[in-house]
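Visitor: From the sequence below, what's the structure:
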Amino acid sequence: MSKKGKDGLDIKGLSRRNLLKAGAAAGVSVALGGSAAAERDNDGHGDERHDGKSHHRGKSKDRELTLVNGRIHTMDDRNPVVSSVTIRNGRFVDVDRGSNSGSKGEVIDLRGHTAVPGLIESHTHFVSLANRPGYHVAQWELASNLAEVLAMLAARRRDVPPGQFITAMGAGTPRMFAELRLPTLAELDAAVPDRPVFLYQGGGGPARTNTLGKQFFESATAPLAGPVTVGADGSIAGGNPSMANRALYHLRIRQTFEDKKRSALDAMAFSASIGITALLDQTLVAVATGTLDPASLDPQPTHALFNLNHYRMYDAWLALHAEDRTLIRLQMNFLHNQPFIAALGDLDHQLPELRERLKNQFQFFGDDMVRTGAIGEWAAPFAAPSSPDNYAVWYESQRLVAKARWRNENAQTTAVNIQQVVETYEAMDREFGIKELRWGLQHAGMATPEQLARLKALNCAVSMSGFTWLNGVPSATGAPVGPLYPQIIASGIPAGMHEDGVHIAPHNPWFALHYATTGLNVLGQQINPGQQISRQQALHAYTRGNAWYLNREDDLGSIEKGKLGDLVVLDRDYFAVSDADMRRTSPILTVVDGKVVHDAGVLHRDRSHSDDDD
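Guide: Numbering: from 1, shown residues only. The predicted structure is shown next:
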């Protein structure tokens with residue numbers, strides 16, 4: 001690497017000093033229009049009570065927020081639409097009080113806007129977004145054409161020190177943009193001429209860069225990889241070997257821990273800006289080795305965007321939580337990716353990581369903002385009996401989880417594979433009894449009524465996928481491509497919904513809600529005929545349904561006295577606007593734990609009674 005002195009490196013070195021210069025708080029302040037960092041105070045989250053009181057570090061005054069003059073859909077059992085709510089010390093204490101008189105804190109006039117409970121994501125790989133190298137532009141998944149992508153990259157430049165990368169990775173794919181392609185080197189240069197830019201498509205590339213990025217990648221060196229081959233148009237090939245992954249490696253190894261904290265804050269801010277206030281993270285697909293050595297999972301030139309060190313990938317988030325700087329709620333599942341590994345010997349010696357997890361980890365441990373989950377997206381890679389060794393390992397993983405009394409998930413879409421899951425769950429119930437453990441099925445696309453009934457009898461839940469809208473195409477026979485939403489809802493099984501971001505699909509929940517209610521893919525084609533549900537049903541899945549799936553229905557999912565104070569104020573009436581407009585729904589205000597964590601500036605808040613600066 002070429003150096004420019006003690007404190008700064010040129011583009012080939014990616015200065016640690018420059019990377020820290022903006023600071024994590026500044027990154028979130030820009031992303032939220034300057035609101036979120038100022039809104040977070042030093043209140044503790046781990047000691048909150050259902051009576052609306054909590055202990056506060058260094059505070060004696062109750063923290064209160066009142067919202068008035070809104071159309072607030074509570075999503076409780078009666079589903080009333082109320083005009084006001086009050087949140088005290090992180091929990092709803094009044095619903096439809098009808099007056100702001102006597103309020104002890106800030107009062108926000110919603111001016112007739114629609115509000116709903118904070119949306120909950122029941123299947124995401126959000127930790128990847130929270131570890132992105134560079135100054136990431138998560139918003140590119142909201143763009144509909146290249147002009148919007150380029151404008152977002154240019155806007156991000158204001159927050160990026162000279163020499164540091166602007167990146168956009170994962171969720172954005174050419175199919176989302178009107179031009180059906182990524183920007184060229186020339187287009188990127190025109191938008192951002194003085195910062196290197198790196199765009200990485202989906203979970204494994206290809207990628208695209210501008211002139212400054214090309215100069216860096218073509219001369220980059222590291223212990224495990226040399227320069228990257230970059231085309232004249234800035235293209236970086238995926239495939240095998242993947243130059244896109246090599247480029248990603250060169251950025252990852254230059255990240256500092258403070259960089260990762262900034263990235264986590266930016267990811268949280270983006271989540272708040274699209275209305276997701278709590279999420280069940282399914283971690284990432286670990287490299288399938290037989291070792292328990294965390295160092296073996298450090299960045300490699302072959303690692304794709306969905307590969308991270310799954311022992312260390314939450315470190316930055318946990319550090320921010322210790323500093324009371326988290327913006328949204330995180331629940332972490334544990335995905336285990338060890339199939340049959342011959343070197344480990346017989347079945348009793350397979351699955352070493354899962355065995356250690358079940359012995360040494362607590363499920364559902366933590367507080368209201370950060371907590372562990374259980375086993376998901378899978379305990380071992382799914383395998384059919386036609387692959388005897390791998391099937392034996394998969395089946396044994398189900399037994400180990402059941403025996404340990406843990407919650408468990410499998411993600412399957414086809415009726416054939418779902419049948420195997422159902423039969424195995426029934427076998428686990430006969431051997432160990434699993435009904436009180438609330439096991440789950442992810443995706444559930446083509447689940448039959450009989451399969452759903454059998455799962456329901458086991459006290460299982462399903463989380464319906466919504467990501468098909470992105471890459472799904474009309475069936476040649478005209479049959480729906482799934483999920484079969486109406487029959488899942490009709491079965492009465494607890495049913496949530498998810499987008500499965502941030503590699504194969506975006507994080508934005510409004511895309512999945514649009515697909516579930518219209519059946520239209522990103523190109524406007526009908527791909528799921530006859531399988532639509534109502535907007536009320538879809539939103540119920542993203543709130544009440546997902547709360548049940550997370551084992552948190554007593555705290556999340558509806559606006560009720562005693563529940564955690566999370567809600568989203570929308571820029572339009574989700575229930576009444578056209579289908580096209582509904583897809584473009586955007587929150588103007590997001591509240592988590594009774595604190596404003598996203599503010600688009602639409603409501604012109606009067607904060608004269610706010611206690612944020614106490």
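Visitor: give me the low-pLDDT residue ranges for the stretch 351-500 of the chain?
Guide: Scanning the stretch 351-500 of the chain for pLDDT under 70 picks out no residues.
Visitor: ok, which stretches of it are helices?
Guide: Using DSSP state H, counting those that start in this stretch, the helices found in the stretch 351-500 of the chain span residues 352-360, 388-403, 415-431, 449-457, 468-471, 485-490.
Visitor: Quick one: closest of these to residue 141.
Guide: Among those, the nearest to residue 141 by C-beta to C-beta is helix 468-471 (9.8 Å). Every residue, glycine included, has its C-beta placed from N, CA and C.
Visitor: List the residues that contact the residue nearest in space to the middle of the chain.
Guide: In the chain, the centroid-proximal residue (C-alpha atoms, centre = their mean) is residue 126; its distance is 3.5 Å. Each residue near residue 126 by C-beta atoms under 8 Å, 6 or more residues apart in numbering is listed here: 267, 271, 279, 281, 330, 501-502, 507.
Visitor: Which pLDDT value goes with it?
Guide: Looking at residue 126, its pLDDT stands at 95.
Visitor: Okay, and residue 186 sits in which element?
Guide: Using DSSP states H and E, residue 186 maps to helix 185-191.
Visitor: what does residue 285 give?
Guide: Counting by DSSP H and E, residue 285 is found in no helix or strand.
Visitor: Just to check, it is in contact with residue 306?
Guide: Yes: counting by C-beta atoms under 8 Å, residue 306 is a contact partner of residue 285 at 5.4 Å.
Visitor: So what would you say the end-to-end distance of stretch 533-548 is?
Guide: Stretch 533-548 has an end-to-end distance of 19 Å (criterion: C-alpha to C-alpha, to the nearest Å).
Visitor: tell me which residues in it are buried?
Guide: Neighbour-count burial for stretch 533-548, counted by 16 or more other C-beta atoms under 10 Å, picks out 533, 535, 537-548.
Visitor: Identify the residues contacting residue 515.
Guide: Residues counted as contacts of residue 515 (C-beta under 8 Å, 6+ apart) are 466, 468-469, 521, 528.
Visitor: Please apply the same query to residue 146.
Guide: 177-179, 181-183, 187.
Visitor: And the buried ones among the contacts of residue 126, selectable in ChimeraX?
Guide: The ChimeraX command for the buried members of these (criterion: 16+ other C-beta under 10 Å) is given here:
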select :267,271,279,281,330,501,502,507
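Visitor: Format the contacts of residue 126 as CSV; extra columns: distance to residue 214 and secondary structure.
Guide: Listed next are those as CSV, based on distance: C-beta to C-beta, whole Å; DSSP: H, G, I helix; E, B strand; the rest coil:
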residue, distance to residue 214, secondary structure
267, 27, helix
271, 32, helix
279, 35, strand
281, 34, strand
330, 36, strand
501, 29, coil
502, 26, coil
507, 29, coil
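Visitor: With respect to residue 431, which of the contacts of residue 126 is nearest?
Guide: For these, the nearest to residue 431 is residue 281 (29.7 Å; C-beta to C-beta).
Visitor: what's the spacing between the closest one and residue 597?
Guide: Going from residue 281 to residue 597 by C-beta to C-beta, to the nearest Å gives 18 Å.
Visitor: Any stretches of this protein with poor pLDDT?
Guide: Ranges of the chain meeting pLDDT under 70: 1-61, 98-103, 607-614.
Visitor: Please determine how far residue 151 is located from residue 192.
Guide: Separation of residue 151 from residue 192 (C-beta to C-beta) stands at 11 Å.
Visitor: quick one: which of those two has more around it?
Guide: residue 192 (22 against 14; other C-beta atoms under 10 Å).
Visitor: residues contacting that one?
Guide: By C-beta under 8 Å, 6+ apart, the contact list for residue 192 reads 153-154, 157, 166, 210.
Visitor: Please pick the buried ones from these.
Guide: 153-154, 157, 166, 210.
Visitor: Now do stretch 496-511: distance to the chain's middle.
Guide: Centroid separation between stretch 496-511 and its chain, computed with C-alpha atoms, centre = their mean, to the nearest Å, is 7 Å.
Visitor: go on, stretch 180-194?
Guide: Relative to its parent chain, stretch 180-194 has a centroid offset of 27 Å by C-alpha atoms, centre = their mean.
Visitor: buried sites along it?
Guide: For stretch 180-194, the neighbour count (16+ other C-beta under 10 Å) marks 182-185, 187-189, 191-192 as buried.
Visitor: Extract the C-alpha trace of that stretch and format it as CSV.
Guide: The C-alpha coordinates for stretch 180-194 follow below in CSV (Å, rounded to 0.1, in the frame of the first residue of the first chain):
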residue,chain,number,x,y,z
LEU,A,180,-32.3,-3.4,-15.9
ARG,A,181,-28.6,-2.8,-15.3
LEU,A,182,-26.2,-1.3,-12.9
PRO,A,183,-24.6,2.1,-13.5
THR,A,184,-21.5,2.2,-15.7
LEU,A,185,-18.1,3.6,-14.6
ALA,A,186,-18.8,6.8,-16.5
GLU,A,187,-22.2,7.3,-14.9
LEU,A,188,-20.7,6.7,-11.4
ASP,A,189,-17.8,9.1,-12.2
ALA,A,190,-20.3,11.8,-13.2
ALA,A,191,-22.3,11.4,-10.0
VAL,A,192,-19.4,10.9,-7.6
PRO,A,193,-16.1,12.0,-9.2
ASP,A,194,-14.0,12.4,-6.0
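Visitor: coming back round to it: out of the helices of the stretch 351-500 of the chain, indicate the one that is most buried.
Guide: Of all those, helix 468-471 has the most neighbours on average by mean count of other C-beta atoms under 10 Å, namely a mean of 22.
Visitor: which helices and strands sit right next to that helix?
Guide: helix 509-518 (3 or more C-beta pairs under 8 Å, 6 or more residues apart in numbering; DSSP states H and E).
Visitor: Tell me the helix or strand right after the helix it packs on.
Guide: Downstream of helix 509-518, the next assigned helix or strand under DSSP H and E is helix 535-540.
Visitor: Can you pull out the residues in contact with that following helix?
Guide: Identification of contacts with helix 535-540 by C-beta under 8 Å, 6+ apart yields 73, 75, 79, 116, 485, 489, 497, 513, 516-517, 574-575, 582.
Visitor: Including distance to residue 362, could these go into TSV?
Guide: Formatted as TSV, the contacts of helix 535-540 follow (distance: C-beta to C-beta, whole Å):
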residue	distance to residue 362
73	35
75	30
79	35
116	32
485	35
489	34
497	28
513	34
516	34
517	38
574	37
575	40
582	40
